[in-house]
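K.L.:
Have a look at this prediction, sequence included:
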Amino acid sequence: MSARRKAWGAIALALALAGAAELAAAGWIHAKAWLAQRLIAAAWQVGRVDAQAPRPWPGADIRPIARLTVPARGVELYVLEDASMRSLAYGPAHVSGTALPAHRGNAVVVAHRDTHFDFLRNLELDDVIDVEDGRGAAAQYRVREVQVVDQAETRVLDPTDASQLTLITCWPFDAVQPGTRLRYVVVAQRVA
Amino acid sequence: MAAVKATGGRGASALWDFLMLGAKAFVSGLGVALVLGFAAVVLASHAEAATTVTLKDPRAGELLLRTDAAGRYAVAPTVETEVAIQVTGIVARTKVTQAFQNPGSEFVEGIYVFPLPEKAAVDHLSMQVGPRLIEGEVREKEEARRTYEAAKSQGRKAALVEQQRPNLFTNSVAHIGPGETVRVTIEYQQSLAYDDGQYRLRFPLAATPRYVPAVAKVNAIDGEVAAPDAQDAPILSPAYAVASVGGPVNPVDIAVIIDAGVPIANVTSSYHEAALQKAGDGRVGVTLVKEQEEADHDFELTWTLAGGATPQGAIFRERVGSAEYGLLMLVPPQPDAVQKAAASAIPRETILVIDTSGSMDGASIAQARAAVTQALDSLTPRDRFNVVEFNSILRPYSSVPLPAAQGNVAAAKQWVAGLRAGGGTEMEPALAFALGGSSPAGYLKQVVFMTDGGVSNEDALFSLIAAKLGNARLFTVGIGSAPNTHFMTKAAEFGRGTFTYIGDVHEVQQKMGALFAKIEAPVLQDVAITWPDGSPVETFPARIPDLYLGEPVVVSAKAASLAGTVIVSGRRGNEPWSVALTPSAAQSGVGALWARAKIASLMDELVRGADPATVRPSVVQVALEHHLVSAYTSLVAVDVTPTGPSFVKTAMVKSALPRGYGNNAGILPQTATESTLELLLGLFALAAAALVAVIGWRSA
């Protein structure tokens, strides 16, 4: 009886450990996403005074290039240079080759739908987005349109004559697995 | 826990029963939750297509748009295409009607990316809104775009046809109302292709997703936006839908009427099932059997003249304004055995280049391997050869061309059999490698380039070919269901060779055989045309290339008058040769074809380094005069009365993926973490642990 019980106990323990590990992994993704942004925020503040931003944490190989806020939704995010799988773990990232945020042209920023860009689902037409870059250039954008497009629809990255900010994340927001084919695209027109 | 039970005594047994009941309830609840959770995970893993479908509509492969109301989604417009082609002589006039349907519940803007033949002269646009027909006008590109945007912001219906590439167009339609259908018709001319005794008419139905090389992206830096109308401007990639479920994505119906003027025979639809009707007056009608054919494989129709006759040559004329336009076609007679033998005595150095990029995945790579093997088989021991594979990187079989000895060829064939598709399409190093190096004196250097041409930096490649060609000849072979024929035709033109299209793996042997028989020796060289009465004539092409077996001379001309005899002369082998032609009846569309050829020639100057500031006005002038869409001009039609709100959502109408095409075009970044999945799995495992613990407890 005792041996049998031990076996059951062992299985339960193994499952519990596996479950805890998965939960920890999920938590780690969110913790990293949150913590990195806080550390970057601190570094950004220092950088504004010293004109030379220190590394957000020792050994960090990412560089914030803009601060993005949506006052109406209480969102404050730091946009990182060069969108890659790694930089996206720490924050929204700028798609290289597109215009820089707060500058002329089509500035494209992407982020994960379940961490930093979770708020996009609540963004509505005419919501205001403020952006400032590391050198103090500031711009205000107003949400003009929202599209759901196929992932092959790279035209949303195309240069534009007018200044706009394009925020992209995966869609649907509540899909369990990553790797969906559709993208949620928010286009905001520069107003100031 | 067992201790609790033992020391609890009788008084605690009621409590114990109650607790057990609770535990049982918990376990059964947990069981249900587990089953549901497991089902959710399993279902979610069956791709998100299912997720969007369950949102609203059971039909898969549709593009959904978020509406203002939470949880409600609009369906993007779908396009039905009707194609009516009228062939007169060697000119085809095609009428393409695209019906944009909006199945959703709000106003949307539809944008449809579609291919047309590479030499299509698009000269007409009309938009049918209810009973009204609005005719389009040709304007400079920016002006047309402004007109369209203005109409859009005023809530008026508008249609805009823009050229993205010479063979890729977009049709934007603003303000398609809920449940409404807007029909947009465009018309274009093209001259028929003639090759090896066959007339060929192609209607492209699927556009190959273009690969944009990494280096091409750096030109869009802050404030310095590349000219949007330049040839190398970023291309619109159609939003591809994989039609795995449901009906055709964008159904197409095609009807062709051939009025050749003389009896024709052997009318064949190469890739689609088609029905033939012959009228008493010699006209032939062709319609698709499956009424709504999916737009994922190009339509091709071929025919010959009845009784094995070859066309002798003809000049068609059209008077537009004060000028007269002509279209000349002439098929040189076949060489006799002696001429053939003399020509094929020249040894050749053949460089076979094969595209193994990701866009070649599927049937295309198999065709390419078969084609290369066939080419290797056609070599004779005195020839020299090399094989080059390229995708993101370049991999030659040998660093220098090898003699085509039996052993070398056999080893090369084995190497070819192992080629697989994957990666990007960096064509430039491959072209440079194939055209570079110097072949030994007395050798005729021929580069055979097999690709689907899925590239966007076309102009850079043309410049490279023009600069590096030397005495070599470049022959392009289009592979797959939707090769970029514009690129390959032009590349062959710059390479002074020819373009061959292979659409089906079963055609490889026949088409490659024909190509190699052809390129053994040119039939006619130094071709020149003498026009009547010595007045200045502007012709395209300005210089006529070498002619290979079965190829015609096709020339567009403009002069004050073209009445009178025209003499075409050249050299066959070592003998002079000439023929005289008299103009036949008038034919409409000849002027537009000349204008299209002139625009193409002006755009080619751009490739060779001409200043865009001087080329642009010339192109605009010709395009406006002949009412043509070009890189700098668009057709725009605007309805007079507003019919919708001033805010609309944009929907990209999906294009069907070319047949045999994997799912790996350029895509937007993936932006989702594993966290939700891990959270679910974690909870699932914890719940399972609890379940096991309880079962273990009970069984103990």
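P.N.:
Okay, I see it. It should be emphasised that the depicted structure is a prediction, and the values quoted were computed from it without experimental measurement.

K.L.:
which strand residues sit across from B:Ser269 in the sheet?
P.N.:
When assigned by DSSP bridges, B:Ser269 has beta-bridge partners B:Leu301.

K.L.:
ok, now which ones touch it?
P.N.:
B:286, B:288, B:299-301 (CB atoms under 8 Å, 6 or more residues apart in numbering or on different chains). The C-beta positions use only the backbone N, C-alpha and C, and glycine is treated the same way.

K.L.:
Would you pull up the residue in chain A closest to chain B?
P.N.:
Of all residues in chain A, A:Trp8 sits closest to chain B, at 2.5 Å by CB to the nearest CB.

K.L.:
what does the average pLDDT come to for stretch B:367-382?
P.N.:
The pLDDT scores in stretch B:367-382 average 86.

K.L.:
So what touches that stretch?
P.N.:
Outside stretch B:367-382, the residues within contact range by CB under 8 Å, 6+ apart are B:347, B:350, B:352, B:354-356, B:360, B:385, B:387, B:403-406, B:409, B:412-413, B:416-417, B:419, B:448, B:450, B:477, B:479-480, B:502, B:504-505, B:508-509, B:512-513, B:516.

K.L.:
Among these, filter down to the buried ones and hand me the ChimeraX syntax, if you would.
P.N.:
Restricted to buried positions by 16 or more other CB atoms under 10 Å in any protein chain shown, the ChimeraX selection for the contacts of stretch B:367-382 reads:
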select /B:347,350,352,354,355,356,360,385,387,404,409,412,416,419,448,450,477,479,480,502,505,508,512,516
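
K.L.:
Sort out for me which of the contacts of stretch B:367-382 are in strands.
P.N.:
Per DSSP state E, strands hold the following members of these: B:350, B:352, B:354-355, B:385, B:387, B:403, B:448, B:450, B:477, B:479, B:502.

K.L.:
how about CSV for these, with distance to A:Val156 and pLDDT added?
P.N.:
CSV is the format used below for these (distance: CB to CB, whole Å; pLDDT from 0 to 100):
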residue, distance to A:Val156, pLDDT
B:Thr350, 44, 91
B:Leu352, 39, 93
B:Ile354, 34, 91
B:Asp355, 28, 88
B:Phe385, 46, 93
B:Val387, 40, 94
B:Pro403, 53, 91
B:Val448, 38, 92
B:Met450, 33, 89
B:Val477, 34, 89
B:Ile479, 30, 80
B:Ile502, 35, 81
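
K.L.:
of all those, which comes closest to B:Gly423?
P.N.:
B:Asp355 (10.3 Å; CB to CB).

K.L.:
B:Asn391 is in contact with that closest one, correct?
P.N.:
Yes - here B:Asp355 lies in contact with B:Asn391, judged by CB atoms under 8 Å, at a distance of 7.4 Å.

K.L.:
which neighbours do these two share?
P.N.:
Here B:Asp355 and B:Asn391 share the contacting residues B:Thr425, scored by CB under 8 Å, 6+ apart.

K.L.:
how far away is A:Arg135 from B:Arg200?
P.N.:
59 Å (CB to CB, to the nearest Å).

K.L.:
Neighbour count for these two, which is higher?
P.N.:
B:Arg200 (16 against 9; other CB atoms under 10 Å in any protein chain shown).

K.L.:
Contacts only, for the residue of the stretch 601-700 of chain B found nearest chain A.
P.N.:
Here the stretch 601-700 of chain B gets closest to chain A at one residue, B:Gly696, 2.5 Å apart by CB to the nearest CB. Counting by CB under 8 Å, 6+ apart, B:Gly696 touches A:4-5, A:7-9, A:11-12.

K.L.:
buried sites along the helix or strand containing it?
P.N.:
Secondary structure assignment for B:Gly696, by DSSP states H and E: helix B:675-699. Residues B:675-694, B:696 are the ones in helix B:675-699 that count as buried (16+ other CB under 10 Å).

K.L.:
chain center to it, what's the gap?
P.N.:
Remark: helix B:675-699 is offset 52 Å from the chain centroid, using CA atoms, centre = their mean, to the nearest Å.

K.L.:
Ok, stretch B:284-304 next?
P.N.:
Stretch B:284-304 sits 17 Å away from the centroid of its parent chain (CA atoms, centre = their mean).

K.L.:
and it, average pLDDT?
P.N.:
Rounded to a whole number, the mean pLDDT of stretch B:284-304 is 77.

K.L.:
Need the distance between the two termini of it.
P.N.:
Distance between the two ends of stretch B:284-304: 12 Å, counting by CA to CA, to the nearest Å.

K.L.:
is chain B contacted by the biggest strand by length in chain A?
P.N.:
Secondary structure of chain A per DSSP E: the longest strand is strand A:138-150. Yes - counting by CB under 8 Å from any CB of the partner chain, chain B is contacted by strand A:138-150 at A:145-150.

K.L.:
which of those residues sit farthest apart?
P.N.:
Among the residues of strand A:138-150 next to chain B, A:Glu145 and A:Asp150 lie farthest apart (CB to CB), at 16.6 Å.

K.L.:
more neighbours, these two?
P.N.:
Taking neighbours as other CB under 10 Å, A:Glu145 and A:Asp150 compare with A:Asp150 leading, 23 against 16.

K.L.:
can you pull up the bridge partners for that one?
P.N.:
A:Asp150 has these beta-bridge partners by DSSP bridges: A:Leu182.

K.L.:
and what of A:Ser96?
P.N.:
Bridge pairing for A:Ser96 - DSSP bridges - gives A:Thr98.

K.L.:
Enumerate every residue touching the nearest residue to B:Leu160 once chain neighbours are set aside.
P.N.:
For B:Leu160, ignoring the flanking residues on the chain, the nearest one in space by CB to CB, 6 or more residues apart in numbering or on different chains is B:Tyr148 at 4.2 Å. Residues counted as contacts of B:Tyr148 (CB under 8 Å, 6+ apart) are B:158-160, B:172, B:174, B:636, B:638.

K.L.:
try 10 Å this time
P.N.:
Counting by CB atoms under 10 Å, 6 or more residues apart in numbering or on different chains, B:Tyr148 touches B:109, B:139, B:156, B:158-160, B:162, B:172-174, B:634, B:636-638.

K.L.:
for A:Glu76, same thing?
P.N.:
Counting by CB under 10 Å, 6+ apart, A:Glu76 makes contact with A:37, A:41, A:67-70, A:130.

K.L.:
In the stretch 601-700 of chain B, where is pLDDT below threshold?
P.N.:
Low-confidence regions of the stretch 601-700 of chain B, defined by pLDDT under 70, span residues B:607-609, B:643-667, B:700.
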